[in-house]
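Visitor: quick check, what structure comes out for this input:
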Amino acid sequence: ASELTGSLTAELTGDLTASSGSTTPVIAPFTGETLHELPLSSATDVADAYAAARVAQAAWQAAGHAHRRGVLLRAHDLLLEQRDPILDLLQLETGKTRGQAFEEVFQGASVTRYYAVSARNVLKTRARRGGIPTVVQARVSYQPKGVVGVITPWNYPVSLSLMDVIPALAAGNAVVQKADNQGALSILASRRPFIEAGVPAALWAVVAGPGDEVGNAVVDGADYVCFTGSTATGTKVGERAAARLHGASLELGGKNPLIVLDDANPTKAAAGAANAVVSAMGQLCVSIERIYVQRGIAPAFTDALVARVGSLIQGPALDYTTDIGSLTSQAQLDRVKAQLADAVSKGATVLVGGSERPDLGPYFFEPTVLSGVTEDMACFAEETFGPLVAIHVVDTVDEAVAAANSSEYGLNASIFTGSVQRGRQ
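Guide: You can find the predicted model right below:
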């Protein structure tokens, strides 16, 4: 890690808007050792970033769509050219596999090209029919919000960053972004190609620090807020933005269900389900944590899922030789272990996995499939945010849909079936 991040870390952290003088250690999940000391920003730094961003935004908006398109398309190419150090940092900060890290860079490049090409047409002024035809004319036009505050979590630091930042820039806005400490290097590394391509540095500022100071300052200074994170924190962010009559886009927690209908191919469904459970070790807001499978296909699907999960190669390799990596922190490991212990103590059965892998690293844990999960268990309804999934057997489609919808969460749901029409129904 030190060989990969030494001088690069110093360069990247120099791109932070940070002058508090204090730092915090960032841990490498693969080893549990300190990866680097991250400089922390202050509320004053955030205010300075907003002041500079507002100046830069006026010129960026005036430059027009064609200019922004050209800059973003150049950034797209540079992001792909410079992907290797970004992949290294993503793995070192999050504990992902190389393949899962590449998914983030691919998503970032995809959204960059999409918004560069699409922004002009999406945002063009359009006529609408007036309330009194021929007498009243109506047109809908779009203007940038100004400066968008973006708060990005640690689990997908590059893709979740660029999926919010790039549409804001493409529409003519500036951005002040709070990076989670654990993902700050990856965010700063993915920002560099955009600065090299022509995005003014002040137009996209990155800060880091405690949520109660730096996070609140980002929300308070923004004309619009994009937040990805926990439901509890997101609720507070939404309330804080609403108190200023500013809009907010909030992507929060999930206890996401997957329905497997009896006309699905059990082997293919199991392969898809396994990927949906173990991507980023389940540390993904749209990760599948509940599976409802119709009884007729349940034995074959369960056997295939157990075999698939059990065959996955786990490890800390900085190459493409592993299928799954590590949990990101001790807190994540403790959460998964606690939910598993609670379920087993109340009668759940571990079909595969369920053990730590200290031989691989401090936070490695085997992906785990459970049966017999009941309502009195914490993992039944609480978000796990880890590689833990429960299989429930149902008799009818209506029973599956009712069970899937019986949740306080509503983020994501999936259906596997042999018929597109049936799936849509």
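Visitor: from here on, just use CA atoms for contacts and neighbour counts.
Guide: Will do.
Visitor: from Leu188, how far off is the residue lying closest to Lys124 once chain neighbours are set aside?
Guide: Among residues not flanking Lys124 along the chain, Ser141 sits closest, at 6.6 Å (C-alpha to C-alpha, 6 or more residues apart in numbering). Note on Ser141: its distance to Leu188, by C-alpha to C-alpha, to the nearest Å, is 33 Å.
Visitor: quick one, which of the two is more surrounded?
Guide: Set Ser141 next to Leu188 and count neighbours by other C-alpha atoms under 10 Å: Leu188 wins out with 24 against 10.
Visitor: how about the nearest residue to Leu327 once chain neighbours are set aside, secondary structure?
Guide: Nearest non-adjacent residue to Leu327, counting by C-alpha to C-alpha, 6+ apart: Tyr363, 5.3 Å away. On the three-state scheme (DSSP: H, G, I helix; E, B strand; the rest coil), Tyr363 is labelled coil.
Visitor: can you tell me how far Tyr363 sits from Gly410?
Guide: Counting by C-alpha to C-alpha, the gap from Tyr363 to Gly410 is 29 Å.
Visitor: where does the prediction get shaky in this protein?
Guide: Applying pLDDT under 70 to the chain flags residues 1-6.
Visitor: got a list of contacts for stretch 246-257?
Guide: With C-alpha atoms under 8 Å, 6 or more residues apart in numbering as the test, stretch 246-257 has contacts from 222-231, 234, 238, 241-242, 285-292, 381-384, 404, 407, 409-414.
Visitor: just the residues you listed: which are in helices?
Guide: Thr231, Gly234, Gly238, Ala241, Ala242, Ala381, Ala404 (DSSP state H).
Visitor: ok, those vs Val344, which is closest?
Guide: Ala381 (15.5 Å; C-alpha to C-alpha).
Visitor: if I pick that closest one, what's in contact with it?
Guide: Counted by C-alpha under 8 Å, 6+ apart, Ala381 has contacts Lys255, Glu375, Ser407.
Visitor: swap in 6 Å and give it another go.
Guide: Under the criterion of C-alpha atoms under 6 Å, 6 or more residues apart in numbering, Ala381 has no contact partners.
Visitor: what separation do you get for it and Ala331?
Guide: For Ala381 relative to Ala331 (C-alpha to C-alpha), the value is 19 Å.
Visitor: can you check Asp212 too?
Guide: In terms of C-alpha to C-alpha, Asp212 sits 20 Å off from Ala331.
Visitor: what's the helix or strand hosting Ala338 in contact with?
Guide: Per DSSP states H and E, Ala338 falls inside helix 330-345. The contact list for helix 330-345, computed with C-alpha under 6 Å, 6+ apart, reads Tyr363, Met377, Ala378, Cys379.
Visitor: make it 8 Å
Guide: Residues contacting helix 330-345 (C-alpha under 8 Å, 6+ apart): 327, 350, 354, 362-365, 373, 377-379, 384-388.
Visitor: likewise stretch 311-319?
Guide: With C-alpha under 8 Å, 6+ apart as the criterion, stretch 311-319 contacts 30, 88, 91, 95, 97-98, 321-326, 360-361.
Visitor: quick one on the thing from earlier: so which of the contacts of stretch 246-257 are in strands?
Guide: Tyr224, Val225, Cys226, Phe227, Thr228, Ile288, Glu289, Arg290, Ile291, Tyr292, Ser414 (DSSP state E).
Visitor: the residue nearest to Lys124 against Arg128, yeah?
Guide: No: under the criterion of C-alpha atoms under 8 Å, Ser141 makes no contact with Arg128, lying 10.6 Å away.
Visitor: quick one: Asn121 and Gly354, what's the gap?
Guide: Distance of Asn121 to Gly354, computed by C-alpha to C-alpha: 50 Å.
Visitor: same check on Glu383?
Guide: 17 Å.
Visitor: tell me the helix or strand right after the longest helix along the chain.
Guide: In terms of residue count, the longest helix belonging to the chain (DSSP H) is helix 98-122. Going down the chain from helix 98-122, the next helix or strand is strand 126-129, by DSSP H and E.
Visitor: what does that following strand rub up against?
Guide: Gln137, Ala138, Arg139, Val140, Ser141.
Visitor: tell me the contacts of the last one?
Guide: Contacts were defined as C-alpha under 8 Å, 6+ apart; by that measure Ser141 touches Leu123, Lys124, Thr125, Arg126.
Visitor: next one: Ser406
Guide: With C-alpha under 8 Å, 6+ apart, Ser406 has no contacts at all.
Visitor: now the helices: where do they sit in the stretch 151-300 of the chain?
Guide: Listed in chain order, the helices of the stretch 151-300 of the chain (DSSP state H, counting those that start in this stretch) span 159-170, 184-197, 216-221, 231-242, 266-278, 298-310.
Visitor: quick one: list the elements packing against the longest one.
Guide: Where contact means 3 or more C-alpha pairs under 8 Å, 6 or more residues apart in numbering; DSSP states H and E, helix 184-197 is packed against helix 2-13, helix 65-81, helix 83-94.
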